[in-house]
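# output the structure for:
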Amino acid sequence: MKTVKVVSETSGVSIKTLRYYNEIGLLKLTELSDTGYRLNDNQALERL
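Numbering: from 1, shown residues only. Below is the predicted model:
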């Protein structure tokens with residue numbers, strides 16, 4: 001699982017854009033950790 005920050009750095013897409021994509025259903029978060037971190041798996045990163 002990768003945090004939104006890591007996905008942002010890897011893909012070159014801003015965190016704000018990733019949050020927007022989640023909001024509109026384009027790229028849903030894989031899960032939310034117990035500490036509140038938004039997490040995505042490798043499949044989500046490939047989709048992006």
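# now the helices for the chain?
4-11, 15-24, 42-47 (DSSP state H).
# need these in CSV with mean pLDDT and mean neighbour count, can you?
Using the backbone N, CA and C atoms, a C-beta is placed for each residue, glycine as well. Listed next are these as CSV, based on pLDDT from 0 to 100; neighbours: other C-beta atoms under 10 Å:
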stretch, mean pLDDT, mean neighbour count
helix 4-11, 92, 15
helix 15-24, 93, 14
helix 42-47, 87, 12
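# can I get these in TSV with distance to residue 35?
Shown next, in TSV, are the helices of the chain (distance: least, C-beta to C-beta, whole Å):
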stretch	distance to residue 35
helix 4-11	13
helix 15-24	17
helix 42-47	19
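# closest to residue 30 out of these?
For the helices of the chain, proximity to residue 30 was assessed by C-beta to C-beta; helix 42-47 is nearest, at 5.7 Å.
# so what does that closest one touch, helix or strand wise?
helix 4-11 (3 or more C-beta pairs under 8 Å, 6 or more residues apart in numbering; DSSP states H and E).
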